[in-house]
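1. structure here, sequence nowhere to be found:
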Ligand code: DX5
Ligand code: ZN
């Protein structure tokens, strides 16, 4: 696969929830490529965050793409609401979809880019027959549910396997969880081109510097 420019997607799960509009504008100004929005339902993952009304309220604060990561059961029931709220990329979990092929078609029919994510234990070949319906593959490098967890080294082999499955298709390979300047280089070498980072950006004192450090580490390794 030809190497793609690295994109950095700050995860607002680690932002100050009482200042969300300001936080979105700050990461936009600091150089974020995408805004990564973690939707959790308290069932698929043991945590609960926000849904379409909050995403809609955030939409006027930036023109950067909203990368909406749905960690929810049966996401096909609410795709339309997320698209209307302003999602650009809608990513569902393969473990949460009974009819993944149909769900991916529905996402594109709504005018969004279609993404699929996988938990750490899920084998990459589960995507082999839906590749032509995909714009983004999101590899979880922690168990989903919380920010600030340690990167799972075993996911590097999965990234390499998926990069080879993608071959020359125009699919972005994204990685989410435990991304720091140190792990950024390793995931970029393994084939990731979109890096999600929560704590590494929002717990830093300087968002622009944190984004630049991740980008430099990934660019110099890829
Ligand atoms: C975890 C979320 C991640 C999380 C990443 O379920 O999908 O996006 O916010 O946070 P860090 O970068 O702190 O591991
Ligand atoms: Zn996420």
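-> Alright, I've got the coordinates. If you're wondering where the values come from, they're calculated on a predicted model, not measured in any experiment. Ligands and ions are numbered 1, 2, ... in the order given.

2. in this structure, which spans are helices?
-> 20-29, 52-58, 79-85, 100-109, 155-166, 181-189, 199-202, 207-221 (DSSP state H).

3. does residue 104 touch residue 134 like I think?
-> Yes. Using CB atoms under 8 Å, residue 104 is in contact with residue 134, at 6.5 Å. Backbone N, C-alpha and C define where each C-beta goes, glycine included.

4. quick one: low-confidence parts of the protein?
-> Scanning the chain with the threshold set as pLDDT under 70 gives 1-3.

5. flag every residue of the protein that's near ligand 2.
-> 38, 69, 176 (CB under 5 Å from the ion).

6. mind giving me the ChimeraX command for buried ones among those?
-> Buried subset of the residues of the chain next to ligand 2, written as a ChimeraX selection, criterion 16 or more other CB atoms under 10 Å:
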select :38,69,176
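
7. and which of the residues of the chain next to ligand 2 is nearest residue 119?
-> Closest to residue 119 out of those is residue 176 (10.9 Å), distances taken as CB to CB.

8. please name the nearest non-neighbouring residue to the closest one.
-> Take residue 176 and drop its neighbours on the chain: the residue closest to it by CB to CB, 6 or more residues apart in numbering is residue 196, 3.9 Å away.

9. run a quick neighbour tally on the one you found.
-> When neighbours are counted by other CB atoms under 10 Å, residue 196 registers 28.

10. do the one 10 residues further on as well
-> Close neighbours of residue 206, defined as other CB under 10 Å, add up to 11.

11. related to what we said a few turns ago, any idea what the residue nearest to residue 176 is bridged to?
-> Applying DSSP bridges to residue 196 gives these bridge partners: residue 9, residue 176.

12. possible to save the helices of the chain as a markdown table with mean neighbour count?
-> Below are these laid out as a markdown table (neighbours: other CB atoms under 10 Å):
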| stretch | mean neighbour count |
| --- | --- |
| helix 20-29 | 17 |
| helix 52-58 | 16 |
| helix 79-85 | 18 |
| helix 100-109 | 17 |
| helix 155-166 | 18 |
| helix 181-189 | 21 |
| helix 199-202 | 23 |
| helix 207-221 | 18 |
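
13. with distance to residue 121 added, can I get those in JSON lines?
-> Shown next, in JSON lines, are the helices of the chain (distance: least, CB to CB, whole Å):
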{"stretch": "helix 20-29", "distance to residue 121": "31"}
{"stretch": "helix 52-58", "distance to residue 121": "29"}
{"stretch": "helix 79-85", "distance to residue 121": "25"}
{"stretch": "helix 100-109", "distance to residue 121": "17"}
{"stretch": "helix 155-166", "distance to residue 121": "10"}
{"stretch": "helix 181-189", "distance to residue 121": "18"}
{"stretch": "helix 199-202", "distance to residue 121": "23"}
{"stretch": "helix 207-221", "distance to residue 121": "25"}
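
14. surely the residue nearest to residue 176 touches residue 12?
-> No. The pair residue 196 / residue 12 is not scored as a contact, 10.5 Å apart, by CB under 8 Å.

15. give me the common contacts of these two.
-> Overlap of the contact sets of residue 196 and residue 12 (by CB atoms under 8 Å, 6 or more residues apart in numbering) consists of residue 36.
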